[in-house]
Each structure stands twice: as C-alpha cells, then as structure tokens.
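Undergrad: Provided below are the primary sequence and the corresponding predicted coordinates.
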2 protein chains.
Amino acid sequence: MTTLRSQASDEDQIRALIDNRVEAVHDKDLARIMSDYATDVLMFDVVNPLLYAGPDAVRDRVEARFSSYDGPIGYEVRDLEVATSGDLAYCTFLYRVSGTLTVGAAVKMWVRATACFRRFDGAWKITHDHESVPFNPESGAASLDLTP
Amino acid sequence: MTTLRSQASDEDQIRALIDNRVEAVHDKDLARIMSDYATDVLMFDVVNPLLYAGPDAVRDRVEARFSSYDGPIGYEVRDLEVATSGDLAYCTFLYRVSGTLTVGAAVKMWVRATACFRRFDGAWKITHDHESVPFNPESGAASLDLTP
C-alpha cells in the first residue's frame, strides 16, 4: 500500500522521538528509550569507550547512565534541526544534562547531539547516535562548562 | 527531469566524498575540502567551541587545523558505513589522525566521525559534520589514546 507522506509529517515524527527521549531520560525509563533504537544501532557516546554497537551495548550504557544519577535527570533540548528524505532522517541539537550523581557531584553540561534515523515498516528507528563534548587542545580536558 | 538513481550509485558518491576528504586533509588543500560543504553546514568539531555554523566558520577552523601541523596530516579511515535514501545520506566512520604539530608534539589519535549529506541540484554536499573523542568521566580528560 502506498501512502502519502508529507515532509512536515516526517519531521513531526522525528521531533516526537526527541520529545520522547527527553521524557524517557527524565523518568529513567529504560524500556521507553530502548524502543526507539534500531537493531543495528551504532552509538558514539559522550564518555568512553569509542563506540557501542547494537542494542544490548546501548542498553547497558543507558542503564549505567541512569543508575549513576540520584533522582531525575534534566535533559533540556535546544536548536533542534531535522532533515528528512525518503526513509532517512537526521537531526542535530544541543542538550543540557543536569542532575546529581550518586557519588554526590552535580552535573550541568551542554552536549552536542546528532541522531540518524531509518524508517522500517513505517516506523522511524534510531540507527545512529553521536553525542559528545569538545575538548580543550591545550589542557587535554573535556570541555564541560561551555554554553551555547 | 527524472533520472534513475540506484542506491549503490549514491553510496559510491558518498564514499568518493570521504576519499576526497582523506586526500584533501593529507594535502592540506583547503579549497578542495571546502568544495564539499553545503552553505548551511553545521559542524561539531573535536575541539572547542561547541559548534561552527556556516562555511566561513568551518573554513577558519579547517585552516587553523591545517596550519597547526608541520607537514602532511595522516587521515586513516576505517569502518565506513553509508546510508542513503532520497536526497539524504549519512555515514559513520572512525579515523586516525596523525602527524607532527608545529609546536613539536606528535599526534596520533582515533576520532569518531558522523557526516550527513543532502543532494542539491544533483550534487551531494555535507550539511553536518560531527567529530569527537569521548572523555573519561573519572578524570575529565579527553580520551586521546583509545584504539578500535
């Protein structure tokens, strides 16, 4: 069956996936966040190691991140830009993650995010996730205090 | 005019753009590397600041990177994966940049890269470039010695 798909509608669906992520991170809802990932997802995350390949690796990473926070995790998105064509989409945004780690330290940092999507059987799934902070080449330190 | 475009051909064109980048970086050919960027490019680079918006900002950044090296820059790509649909494409890869900085230090580090493309008037252009290294959350240091 062929259905009409407008660009606006595809973009709306991608934006809804990001909205879903914001709520899922805030609520530390592992099942909800994992439901958006494709079976061949590749993640480049903010922290080591270089990459996480496949949903099991991503789940372990997300679970570890969730459990490292005491209480909810703030996830404020800005400058979200979405591009779609055919069955492919990507979006870019900045997010500020905030909260208190179980070890006591407060986290409040801006992260750059790129998410890529493919439509499988009518449903958009995240096939690639790249999140990072830049580093200061003079000190070698990750830049955790930059603001947009 | 409608033309037939095979997925294979689109993927080949994206792979050729990455090949072009490898040579352009090695030769520090600023004009050659800039010719592949779209006019609305957004770059998240390995080092500060958070982002570079537009080709002028990207050019300044690439030029600064080129001039920070004494001699050619090694740029070894591995694990290149390409996805295309309609007029959108993205690819992921790891690259090892190597060389000697003008300040004397040797560079040899693996970087994660995501590049997103849109086809404008039949030509693929880079609309988004995200390159990063992860950091070690215990030390706060960028991880410059990881290997795939």
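TA: Structure received. Computed from a prediction, not measured in an experiment: that's the story for all the values here.
Undergrad: alpha carbons only for contacts and neighbour counts from here, please
TA: Noted.
Undergrad: how near is A:G99 to A:V25?
TA: Separation of A:G99 from A:V25 (CA to CA, to the nearest Å): 11 Å.
Undergrad: any residues in contact with both of the two?
TA: Common contact partners of A:G99 and A:V25 (CA atoms under 8 Å, 6 or more residues apart in numbering or on different chains): A:P72, A:I73, A:G74.
Undergrad: quick one: the helices in chain A?
TA: Counting by DSSP state H, one finds helices in chain A at the ranges A:7-26, A:30-34, A:55-67.
Undergrad: ok, and what's touching the second one?
TA: When contacts are defined by CA under 8 Å, 6+ apart, helix A:30-34 is touched by residues A:N20, A:R21, A:A24, A:V25, A:P55, A:R59, A:V62, A:E63.
Undergrad: which one of those is nearest to chain B?
TA: A:V62 (14.8 Å; CA to the nearest CA).
Undergrad: ok, back up a step: any chance of CSV for the contacts of helix A:30-34, columns distance to chain B and pLDDT?
TA: Output for the contacts of helix A:30-34, formatted as CSV (distance: CA to the nearest CA, whole Å; pLDDT from 0 to 100):
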residue, distance to chain B, pLDDT
A:N20, 23, 94
A:R21, 20, 94
A:A24, 23, 95
A:V25, 19, 95
A:P55, 17, 97
A:R59, 18, 97
A:V62, 15, 96
A:E63, 16, 96
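Undergrad: quick check: the farthest pair among these?
TA: A:N20 and A:P55 (17.6 Å; CA to CA).
Undergrad: redo the helices of chain A as a markdown table? Include mean neighbour count.
TA: Compiled in a markdown table, the helices of chain A are given as follows (neighbours: other CA atoms under 10 Å in any protein chain shown):
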| stretch | mean neighbour count |
| --- | --- |
| helix A:7-26 | 16 |
| helix A:30-34 | 15 |
| helix A:55-67 | 16 |
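Undergrad: export those helices to CSV and tack on distance to A:M109?
TA: Formatted as CSV, these follow (distance: least, CA to CA, whole Å):
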stretch, distance to A:M109
helix A:7-26, 15
helix A:30-34, 21
helix A:55-67, 15
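Undergrad: least reliable of those going by mean pLDDT?
TA: Of all the helices of chain A, mean pLDDT reaches its minimum on helix A:7-26 (a mean of 90).
Undergrad: which other helices and strands contact that helix?
TA: Using 3 or more CA pairs under 8 Å, 6 or more residues apart in numbering or on different chains; DSSP states H and E, the elements in contact with helix A:7-26 are helix A:30-34, strand A:74-85.
Undergrad: export the shortest one as CSV, just CAs?
TA: The C-alpha coordinates for helix A:30-34 follow below in CSV (Å, rounded to 0.1, in the frame of the first residue of the first chain):
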residue,chain,number,x,y,z
LEU,A,30,14.9,2.2,30.0
ALA,A,31,12.2,0.3,28.1
ARG,A,32,10.8,3.5,26.7
ILE,A,33,14.1,4.8,25.5
MET,A,34,15.2,1.5,24.0
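Undergrad: can you give the distance of it from its chain's centre?
TA: In terms of CA atoms, centre = their mean, to the nearest Å, the centre of helix A:30-34 is set 12 Å apart from its chain centre.
Undergrad: and for the longest one?
TA: In terms of CA atoms, centre = their mean, the centre of strand A:74-85 is set 10 Å apart from its chain centre.
Undergrad: which parts of it are buried?
TA: Residues of strand A:74-85 classed as buried: A:G74, A:Y75, A:V77, A:V82, A:A83, A:T84, A:S85 (neighbour count, 16 or more other CA atoms under 10 Å in any protein chain shown).
Undergrad: so, in contact with chain B or not, it?
TA: Yes: residues of strand A:74-85 contacting chain B under CA under 8 Å from any CA of the partner chain: A:A83, A:T84, A:S85.
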